[in-house]
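Participant: Fold the following.
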Amino acid sequence: MFRAEVRYGWPIIGVHWLTVLLILVAFVIGLVMGDLTLSPLKLKLFSWHKWVGLTVLALLLPRMILRAFDRLKHADGLLPWEARLSSAVHGMIYLLMFVAPMLGWLQSSAKGFPVVWFGVLALPDLVHKDKALGKLLEQLHEAAVYTLIALIVLHALAALYHQFMRHDDVLARMAPWVRKRR
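Facilitator: Numbering: from 1, shown residues only. Alright, predicted model coming up:
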C-alpha cells in the first residue's frame, strides 16, 4: 500500500492553507453582505470581500510557481482514474481561483464601483460602466464562486477518504498536524 513518505514543503503548505482560509473568508463575507441593505457596514464588507478576493488572485502566481518546482509526485499511489480526476479537479480549482476574482473585478467595474486593494492601490476599471453587463458578471461571479467551493469540498473529501479509508497518508502531505501512519 502506498504511503506518502514526503510532505510538501512549508512554502507550499503555507500558501495552500492561507488560500483556503482567504477563499472561505471571502465566501462568508459574500454571503453576509448579500443579505444586508445598503449601509456603511455593507460597503465595508464589499471592500473586505474585494481585498480578500484580490489577495487570492495575487497568491495564484506564487502558488503556481511553487507547485511547478515541487518535486513531490502528486499522483504517486493513485489509480490512473484517480490521478486524472485529481489533476482535473486541481486544474479547475486553479482556473477558478483566477476566474472568480477577475469576474468580481469586472463586475465592480461594470457597476461603477472602484476597486482599491486594501484602500491603497487603485486598480483600473476593466470595462465601462454598464448596468446589464454588471448584472451578468454578478451572476457569472456567483456561479464561479459556488463551483469553486464545490470543487474545494470535493478535494477535501478526497483527501479525507485517502487519509481515513485508504490509510495512505495523502492528507498528511499537506496537513502537518496530521500524524503519518507508520
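
Participant: What helix or strand is Thr55 located in?
Facilitator: helix 40-69 (DSSP states H and E).

Participant: Report pLDDT for Glu5.
Facilitator: pLDDT, Glu5: 51.

Participant: Just name the shakiest helix or strand of this structure by mean pLDDT.
Facilitator: Lowest by mean pLDDT, DSSP states H and E among the helices and strands of the chain is helix 170-174, with a mean of 84.

Participant: For beta bridges, what are the partners of the residue nearest to Lys50 when sequence neighbours are not counted?
Facilitator: Using C-beta to C-beta, 6 or more residues apart in numbering and skipping the chain neighbours, the partner closest in space to Lys50 is Val115 (5.6 Å). In this view, the C-beta of every residue, glycine as well, is placed from N, C-alpha and C. Beta-bridge partners recorded for Val115 (DSSP bridges): Leu123.

Participant: Surely Val115 is in contact with Ser109?
Facilitator: Yes. Taking contacts as C-beta atoms under 8 Å, Val115 lies within contact range of Ser109: 7.3 Å.

Participant: what's the overlap in contacts for those two?
Facilitator: Asp125 (C-beta atoms under 8 Å, 6 or more residues apart in numbering).

Participant: can you give me the strands in this structure?
Facilitator: 115-117, 121-123 (DSSP state E).
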